[in-house]
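Student: Predicted model follows, preceded by the sequence.
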Amino acid sequence: MDLFHALDNINTAVISSYVRSFGIMAPLAAFILFALQAAFPVFPYLILAAAAGMLFGFKMGVLLSWSGALTGACLAYGICRILGGEKTNHFIKKHLGYDMKEINKEMAFWSILIARIIPVIPTPVINVAAAISEVPFWNFFFSSALGKLPTAILYTGLGICLFNAKGIKLVLLILAAVLLLAFAVRYLSRDKLHLFH
């Protein structure tokens, strides 16, 4: 735990220092970093969310992490729709025998929402899959907006607590709350998806 804490503090300190160097434009810089991270996740979202929370406070940190990540996801979706969505779908259909365009659009909303809330599938994969399968933009937008909000809240709060917590009890309590929420969402989403079968 000490090594993890030390390494993450270094990363958070570096990102915080970089964002702070933009002065009055620091919130815009953070927003752009979140947008880039959503499209090209070269550094962990948790680290960036923690840095935003420590620099701008919980509320502004959540707003920046949510809106920046949503903007980045929408940009990635748009770029994938413009560049070669048809070619990629043809490749998948030819090699895997699966036509991405046959995805039920109603199911796509719930699939994207669940994938965003339970972050097992990488964000770029969700963006590309939605673009290739031609999920309508507003379907993608609203499912992503709803799905990214809990993650933004949890990661910003969890990040601040992990990097500033004095005792292990608070960290364990937060982790337990995150796990309970994840299980609750999975249980509720399973019932919701069953309605469409």
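Tutor: Everything's here; your move.

Student: pLDDT below threshold where in the protein?
Tutor: 1-12, 84-106, 159, 162-176, 178-179, 181-197 (pLDDT under 70).

Student: Can you show me the helices along it?
Tutor: Secondary structure of the chain, counting by DSSP state H: helices at 2-20, 26-39, 45-56, 58-82, 85-96, 105-117, 123-132, 137-164, 168-194.

Student: Can you list the buried residues in the longest one?
Tutor: In other words, helix 137-164. 140-141, 143-145, 147-163 (16 or more other Cβ atoms under 10 Å). Bear in mind the C-beta positions are built from the backbone N, C-alpha and C, glycine included.

Student: and that helix, what does it pack onto?
Tutor: Under the contact definition 3 or more Cβ pairs under 8 Å, 6 or more residues apart in numbering; DSSP states H and E, helix 137-164 sits against helix 2-20, helix 45-56, helix 58-82, helix 105-117, helix 168-194.

Student: so it versus helix 45-56, what angle?
Tutor: 70 degrees (axes from the mean of the first three to the mean of the last three Cα atoms, to 10 degrees).

Student: Also the shortest one?
Tutor: With the same axes, to 10 degrees as the criterion, the two stretches helix 123-132 and helix 45-56 enclose an angle of 110 degrees.

Student: Report all helices and strands that helix 123-132 contacts.
Tutor: Judged by 3+ Cβ pairs under 8 Å, 6+ apart, the packing partners of helix 123-132 are helix 26-39, helix 58-82, helix 85-96, helix 105-117.

Student: Quick check: buried residues in it?
Tutor: Within helix 123-132, the residues that qualify as buried by neighbour count (16+ other Cβ under 10 Å) are T123, P124, I126, N127, V128, A129, A130, A131, I132.
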